[in-house]
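K.L.:
here is my input, please return the structure:
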Amino acid sequence: MKKIICLLFLSIVIFACTETDCGCAAPPIEAMYFPPIDGSTAWETNTIANLGWNQNAVQPLLDYLELKHSKSFIVLVNGRIVMENYFNGHTATSPWYWASAGKTLTSTVTGIAEQEGLINTNNKVSTYLGNGWTSAPLAKENLITCKNLLSMNSGLNDALGDDVSPANLQYLQDSGTRWAYHNVYVKLQDVIDVATPNHTWTTYFNEKLKNKLGMTGSWLTSGNTGSLSVYWSNSRSMARFGLMILNKGKWSETTIVNENYLGLATNTSQNINQSYGYLWWLNGKTSYHLPQSQLQINGSIIPTAPNDMYMALGKDDQKIYVVPSMKMVIIRMGEAADNVNLALSDFDETLWTKISALYQ
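P.N.:
Next up, the predicted model:
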């Protein structure tokens, strides 16, 4: 009788583990792999065949990526490279910009600074930058917390461009009452610069994140903002970051960013845009807002993609897709897929139709 019960329990467990949240076959159960951080090119691989995926779906996906001006495409499953392809003269060592996908780097480093007790995201920004970092009335400026910058609900006017000088950061509505995609998030880099003793933003980022993951790359000044806001690296560095995020903030067994903070960062952060966390986009929610729009759109951002996916999205279709249910990270770097250069476009939906053909 005990044997029958044990066998029944085992069969239930096996059945439960063969499906994922996205309705597809689960990846093989194996330990998560992390490549060396010593600068070597060694990185374990897996194959389409070994995963039981559809080899016939590979070429249509690659053809579409090349047609849509891609420069690189990487698929990791359990940390191992399943696909790594370069297009249009790009190579494994070529740097490219993350654009707004790099917002997630700022989010992550903010979490690191908080776990080290250097900042508190509930504090007002002026705690660190002093009064007058905006041109808003002082009482309104003092409403804006670091968490408002992470959540994109500072209440500052998003229609004035990327310049984050005080004169260009103008009050529009009380913080927390309006969601708007705004470059003011880069002031978090200034907060960390002030709050971290014996460090600048760049040296703190390098020590606490970049070097611990074995990433390459550097921050470059963008436009006339005077802020270090655009990160450039090779595609594998982007994949390394995505892998750490997939592993709940750990690189192998080493904690990089607190799992609790990362959980907040990759879930809805406010009650206006359900599909936005702490500078991360969230799939599978009931509604979303687009940049430069106050219109609420019902449904998931990318209906063809897994509902549990969260995303770093940047101008010209820079992408980090993280899919916990499949232990998968996907990277796309390149030029704009179409004639628009927004972080979000219908490119995502078609791309995911072709990606999902690999495993469904």
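K.L.:
low pLDDT regions in the stretch 201-350 of the chain?
P.N.:
222-228, 340-345 (pLDDT under 70).
K.L.:
so where do the strands sit in it?
P.N.:
All strands of the stretch 201-350 of the chain, identified by DSSP state E, counting those that start in this stretch, fall at 218-221, 228-233, 250-251, 254-255, 281-282, 287-289, 296-298, 310-314, 318-323, 328-334.
K.L.:
of all the ones you listed, which one comes closest to Ser175?
P.N.:
Nearest to Ser175, of all the strands of the stretch 201-350 of the chain, is strand 287-289, at 16.5 Å by C-beta to C-beta. For glycine as for every other residue, the C-beta is placed from the backbone atoms N, C-alpha and C.
K.L.:
the closest one pairs with which strands, and in what direction?
P.N.:
Paired strands of strand 287-289, with direction, are strand 296-298 (antiparallel) (DSSP bridges).
K.L.:
which other residues reach stretch 84-91?
P.N.:
Stretch 84-91 has contacts (C-beta atoms under 8 Å, 6 or more residues apart in numbering) with 62, 65-66, 69-75, 92, 94, 96, 235, 333-334.
K.L.:
domain ranges for this protein?
P.N.:
Domain assignment for the chain, taken from automatic domain parsing, gives 48-95+197-359, 119-195.
K.L.:
just put these in CSV and tack on distance to Ala113 and mean neighbour count.
P.N.:
Putting the domains of the chain into CSV (distance: least, C-beta to C-beta, whole Å; neighbours: other C-beta atoms under 10 Å) gives the following:
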stretch, distance to Ala113, mean neighbour count
domain 48-95+197-359, 7, 19
domain 119-195, 5, 19
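K.L.:
now render those domains as CSV, adding distance to Phe34.
P.N.:
As requested, these are exported to CSV (distance: least, C-beta to C-beta, whole Å):
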stretch, distance to Phe34
domain 48-95+197-359, 5
domain 119-195, 26
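K.L.:
show me the one of those domains that comes nearest Asp38.
P.N.:
Between those, domain 48-95+197-359 lies closest to Asp38; by C-beta to C-beta that is 7.0 Å.
K.L.:
ends of the closest one, how far apart?
P.N.:
End-to-end span of domain 48-95+197-359 (C-alpha to C-alpha, to the nearest Å): 9 Å.
K.L.:
keep only those of the contacts of stretch 84-91 that are in strands.
P.N.:
70-75, 96, 333-334 (DSSP state E).
K.L.:
nearest to Trp280, of those residues?
P.N.:
Met333 (18.0 Å).
K.L.:
partners of that closest one in the sheet?
P.N.:
Ser72.
K.L.:
quick one: contacts for it?
P.N.:
If you count contacts by C-beta under 8 Å, 6+ apart, then Met333 has 70-72, 90, 96, 235, 238, 318-319 around it.
K.L.:
and for Gln296?
P.N.:
By C-beta under 8 Å, 6+ apart, Gln296 lies in contact with 287-289.
K.L.:
including distance to Gln270, could those residues go into a markdown table?
P.N.:
Formatted as a markdown table, the contacts of Gln296 follow (distance: C-beta to C-beta, whole Å):
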| residue | distance to Gln270 |
| --- | --- |
| Ser287 | 13 |
| Tyr288 | 13 |
| His289 | 11 |
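K.L.:
closest one of these to Asp346?
P.N.:
Tyr288 (14.2 Å).
K.L.:
could you double-check that that closest one lies in contact with Ser275?
P.N.:
Yes: counting by C-beta atoms under 8 Å, Tyr288 touches Ser275, with 3.6 Å between them.
K.L.:
anything in contact with each of these two?
P.N.:
Common neighbours of Tyr288 and Ser275 (C-beta under 8 Å, 6+ apart) are 300-301.
K.L.:
give me the pLDDT value at the nearest residue to Ala180 once chain neighbours are set aside.
P.N.:
For Ala180, ignoring the flanking residues on the chain, the nearest one in space by C-beta to C-beta, 6 or more residues apart in numbering is Asp158 at 3.9 Å. For Asp158, the pLDDT comes out at 95.
K.L.:
sorry, back to before: and of the domains of the chain, who's closest to Ala31?
P.N.:
That would be domain 48-95+197-359 among these, by C-beta to C-beta, at 7.4 Å.
K.L.:
off-centre distance for that closest one?
P.N.:
A distance of 5 Å separates the centroid of the chain from that of domain 48-95+197-359, by C-alpha atoms, centre = their mean, to the nearest Å.
K.L.:
from the rest of the structure, what touches stretch 169-184?
P.N.:
Outside stretch 169-184, the residues that touch it by C-beta under 8 Å, 6+ apart are 133-137, 140-141, 143-145, 148-149, 151-158, 160-164, 225, 229, 270, 272-273, 276, 289-292, 294.
K.L.:
repeat that for stretch 141-150.
P.N.:
Around stretch 141-150, the neighbours that count as contacts under C-beta under 8 Å, 6+ apart are 107, 110, 119-126, 128, 131-134, 136, 154-156, 171, 174-176, 184-185, 187-188, 191, 265, 269, 278-279.
K.L.:
how long is it end to end?
P.N.:
So stretch 141-150: terminal residues 16 Å apart, C-alpha to C-alpha.
K.L.:
next: stretch 65-84.
P.N.:
The straight-line separation of the ends of stretch 65-84 (C-alpha to C-alpha) is 12 Å.
K.L.:
about what we covered before: how about the strands of the stretch 201-350 of the chain in a markdown table, adding distance to Thr304?
P.N.:
Output for those, formatted as a markdown table (distance: least, C-beta to C-beta, whole Å):
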| stretch | distance to Thr304 |
| --- | --- |
| strand 218-221 | 33 |
| strand 228-233 | 28 |
| strand 250-251 | 30 |
| strand 254-255 | 34 |
| strand 281-282 | 15 |
| strand 287-289 | 15 |
| strand 296-298 | 16 |
| strand 310-314 | 13 |
| strand 318-323 | 12 |
| strand 328-334 | 13 |
